[in-house]
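S.K.: Starting from these lines, generate the structure:
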Amino acid sequence: QVQLVESGGGLVQAGGSLRLSCAASGRTFGSYAMGWFRQAPGKERELVSGVTWSGGSTYYADSVKGRFTISRDNAKNTVYLQMNSLKPEDTAVYYCAGSRFRDLVPMSAGSYGYWGQGTQVTVSS
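M.R.: All right, here's what the predicted structure looks like:
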């Protein structure tokens with residue numbers, strides 16, 4: 001069982017940066033691929049970025065490539081999402097999620113069995 005708690009969201013101007021953190025409880029955190037999803041009002045939840053259990057493989061949505069960086073520290077049971085050059089269209093609730101697929105980053109939200117409560121990111125123009 002893994003419990004996830006996100007932090008680091010907030011209000012930022014366009015062009016600014018935020019760093020999201022997702023702290024996990026449970027000794028098996030290192031066994032899970034982790035993903036960051038986001039959901040804007042009226043839109044479907046989408047995978048923004050993901051990382052395999054070892055950190056050796058990552059995924060980024062085209063919309064955030066070159067601006068966002070995912071990383072994880074298995075010793076601290078934490079996964080991060082560094083978000084730079086933020087745009088108003090990045091405004092959404094961001095969710096951390098864990099998947100039992102260790103060696104790949106699942107694209108579907110249904111492949112993630114563990115979810116955090118979400119943290120709001122608002123980018124003003």
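S.K.: Sticking with the residue sitting nearest the centre point of the chain, tell me its helix or strand.
M.R.: For the chain, the residue nearest the mean C-alpha position is residue 36 (2.1 Å; C-alpha atoms, centre = their mean). Taking DSSP states H and E as the definition, residue 36 sits inside strand 33-39.
S.K.: check contacts around the nearest residue to residue 112 once chain neighbours are set aside.
M.R.: Nearest non-adjacent residue to residue 112, counting by C-beta to C-beta, 6 or more residues apart in numbering: residue 97, 3.8 Å away. Every residue, glycine included, has its C-beta placed from N, CA and C. With contacts defined as C-beta atoms under 8 Å, 6 or more residues apart in numbering, the neighbours of residue 97 are 4, 34-37, 109, 112, 114-116.
S.K.: and of those residues, the nearest to residue 92?
M.R.: Nearest to residue 92 among the contacts of residue 97: residue 37, at 8.9 Å, using C-beta to C-beta.
S.K.: Around the nearest residue to that closest one once chain neighbours are set aside, how many other residues sit close by?
M.R.: Distances taken as C-beta to C-beta, 6+ apart place residue 95 nearest to residue 37, at 4.6 Å, with adjacent residues excluded. Using other C-beta atoms under 10 Å, residue 95 has 23 neighbouring residues.
S.K.: following the helix or strand harbouring the residue nearest to residue 112, which helix or strand comes up?
M.R.: Applying DSSP H and E as the criterion places residue 97 in strand 92-99. Remark: after strand 92-99, the chain's next helix or strand is strand 114-115, criterion DSSP H and E.
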